[in-house]
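Colleague: Give me a 3D structure for the following:
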Amino acid sequence: MRTPRRPAGPSGLGLIPAGVSAARYLPGLFQQVARRYGDVACISIGPSRIYLLSSPELAQDVLVRHDRRFEKGRGERRLTQRLLGRGVLGSEGAFHRRQHKLLWPHLRGTALERHARIAVEHAIRMQEGWTDGRGFDAYELLNATNRAIMIESMFGAGVDTPSGRDLETLLTEAIDALERLPLPVLPGTDKLPLPANRRFERALALLDERLLSMVAERRTGDLGGDLLADLAHAGLPDGERMDDRLVRDEALSIFRGNKTTGTTLAWTWYLLARHPQVEARVFEEVDSVLGDALPTASDLERLPVCRMVVNECLRLFPPAWMLARRAVAEHEAGDHVVPPGATVITSPYVVHRDERVHREPRRFDPERFEPARQAAWHPFAFFPFGGGPKMCLGDEFAPAEAVLLLATIARRWRLRPAPGHLVEPEPKATLKLRHGLQVVLERRT
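Modeller: Predicted coordinates for the structure are as follows:
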């Protein structure tokens, strides 16, 4: 029977050690809170209440069964909407559900095959000039490659052309300016004459001019073969099409939402280097399945070891390590009640590393993703892309791209972390590598 009492959790003087832990590593703090206080805990900071829900069942309740009781935080949404407008990453309610349903099929099927081809082409291009013993920051390079793949897949522009380089600059400057903005806790702060606001507005105006021009070109039917053209001609349920501005918003939402593949691959190569037996299985599979050929989308099902390795990296280091929502209605969580207005957090990082959910959860064990074993899991034992109506649209694009890049690189190379290089996670909006990943190339013989 539910009770109105607040769940246990750190508050008052108890926040002092919690604050120290948060400063060191926030995902670790959430793990500590879940272990000490249970699956439903409440972190009290002054008048604010943060409810941490730490089981697959509770995550499924928030993200799927009772999604309409929650929305993204208003400050986060206001910041997101400054760049993405009405795009799916910042919208809510019936409009969000309509747009999510509209976009979903455009990131599968033919679009996935096209994306796979572009990804492999860029993976080959990335390896030009690689030599045995060369050192570089794999985290930086893999993220740059992922950005180039998304620009070509989304906008049909190769970053090795003047037009593509110009578009990459416009996108990078607008996104960098957005990330320097303070979180707009109060409405209207985006109108203040602050240097950061002016910098962002200038970058946004230049980007909008370019993107809206590209949308208009796709409308003519003279240009196509990219996701932007797919969106420009996508039909709504009533037969109408999105207006130019909404096409621009959704294109940027997809681009912004598929930025984590480089980070996932960096963690993948780091973990493979620490587990040579698993790495050997990857090489064996790539050699036997591909030989001298390059992978295609049709090879994805023939590379199960590569897919299991990528999934295990997503389990240990989920890019979206924390999913935050604001309750808009009363919600039962176990034996407790979450009141309207409260912040609710469910963390894939915490659930994925729970020993009740996964045996030896800290161990790198791709075999746990064998279909027979995975079939016994709770649906939210593994949810690196969230779930429900707000599930990341790149849930197929991102892992497919990661598998193809892993296989393409593994045909010829090992990536060894440079001696003495410190590798540690940095929990920002995604789970980044704080110091990058300095590696040394080793040619496979």
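Colleague: How about residue 292, nearest residue that isn't a chain neighbour?
Modeller: Sequence neighbours aside, residue 411 is the residue nearest to residue 292 in space, at 7.9 Å (criterion: Cβ to Cβ, 6 or more residues apart in numbering). From N, CA and C alone the C-beta is placed, and that goes for glycine too.
Colleague: The one you found: neighbour count?
Modeller: By other Cβ atoms under 10 Å, the residues close to residue 411 number 19.
Colleague: Next one, pLDDT for it please.
Modeller: Listed pLDDT for residue 411 reads 97.
Colleague: quick one: contacts for it?
Modeller: Neighbour list for residue 411: 286, 287, 290, 292, 444 [criterion: Cβ atoms under 8 Å, 6 or more residues apart in numbering].
Colleague: Where does the fourth one sit: helix, strand or coil?
Modeller: Classification of residue 292 using DSSP: H, G, I helix; E, B strand; the rest coil returns coil.
Colleague: give me the number of residues near it?
Modeller: Other residues within reach of residue 292 by the criterion other Cβ under 10 Å amount to 6.
Colleague: Could you tell me what pLDDT the model assigned to it?
Modeller: pLDDT, residue 292: 92.
Colleague: Run a quick check on residue 378 versus residue 357, I expect a contact.
Modeller: Yes. Residue 378 is in contact with residue 357 according to Cβ atoms under 8 Å; the separation is 7.3 Å.
Colleague: of the two, who's got more company?
Modeller: Remark: of residue 378 and residue 357, residue 357 carries more neighbours, 19 against 14, as counted by other Cβ under 10 Å.
Colleague: pLDDT weak spots in the protein?
Modeller: Residues of the chain meeting the criterion pLDDT under 70: 1-5, 12-23, 183-189, 222-224, 237.
Colleague: Which strands and helices lie in contact with the lengthiest helix in it?
Modeller: Counting by DSSP state H, the longest helix found in the chain is helix 195-220. On a contact count with 3 or more Cβ pairs under 8 Å, 6 or more residues apart in numbering; DSSP states H and E, helix 195-220 meets helix 74-84, helix 162-179, helix 227-232, helix 244-257.
Colleague: can you do 7 Å?
Modeller: helix 162-179, helix 227-232, helix 244-257 (3 or more Cβ pairs under 7 Å, 6 or more residues apart in numbering; DSSP states H and E).
Colleague: and residue 365, which of those helices is closest to it?
Modeller: helix 244-257 (28.5 Å; Cβ to Cβ).
Colleague: Give the buried residues for the following helix or strand past that closest one.
Modeller: On the C-terminal side of helix 244-257, the closest following helix or strand by DSSP states H and E is helix 261-274. Judged by neighbour count (16 or more other Cβ atoms under 10 Å), helix 261-274 contains these buried residues: 261-273.
Colleague: Stretch 240-252 too?
Modeller: Of the residues in stretch 240-252, 242, 244, 246, 247, 248, 249, 250, 251, 252 count as buried by neighbour count, 16+ other Cβ under 10 Å.
Colleague: OK, contacts around the residue nearest to the second one when sequence neighbours are not counted?
Modeller: Read that as residue 244. Of all residues beyond its chain neighbours, the one nearest residue 244 is residue 215 (4.7 Å), with distances taken as Cβ to Cβ, 6+ apart. By Cβ atoms under 7 Å, 6 or more residues apart in numbering, the contact set of residue 215 is 228, 232, 244, 247, 248.
Colleague: Contacts only, for the third one.
Modeller: Residue 244 sits next to 212, 215, 216 when contact means Cβ under 7 Å, 6+ apart.
Colleague: do residue 443 as well
Modeller: 132, 412, 413.
Colleague: Among those, which one is most surrounded by other residues?
Modeller: In terms of neighbours by other Cβ under 10 Å, these top out with residue 413 at 17 neighbours.
Colleague: Just grab the bridge partners of that one for me.
Modeller: Here residue 413 sits in beta bridges with residue 443, as judged by DSSP bridges.
Colleague: Pretty sure it sits against residue 444.
Modeller: Yes. Using Cβ atoms under 7 Å as the test, residue 413 is close enough to residue 444 to be in contact (6.3 Å).
Colleague: Which one of the buried residues of stretch 240-252 is nearest to residue 306?
Modeller: Closest approach between those and residue 306, by Cβ to Cβ: residue 251, at 29.2 Å.
Colleague: and that closest one, how far is that from residue 351?
Modeller: Per Cβ to Cβ, to the nearest Å, residue 251 is found 32 Å from residue 351.
Colleague: now do residue 316
Modeller: Distance check for residue 316 against residue 351: by Cβ to Cβ, it reads 12 Å.
Colleague: What ranges does the stretch 251-400 of the chain have for its strands?
Modeller: Ranges of strands in the stretch 251-400 of the chain, per DSSP state E, counting those that start in this stretch, are 323-327, 331-333, 336-338, 343-346.
Colleague: Mind putting these into JSON lines with distance to residue 123 and mean neighbour count?
Modeller: Below are these laid out as JSON lines (distance: least, Cβ to Cβ, whole Å; neighbours: other Cβ atoms under 10 Å):
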{"stretch": "strand 323-327", "distance to residue 123": "30", "mean neighbour count": "20"}
{"stretch": "strand 331-333", "distance to residue 123": "44", "mean neighbour count": "19"}
{"stretch": "strand 336-338", "distance to residue 123": "45", "mean neighbour count": "21"}
{"stretch": "strand 343-346", "distance to residue 123": "34", "mean neighbour count": "21"}
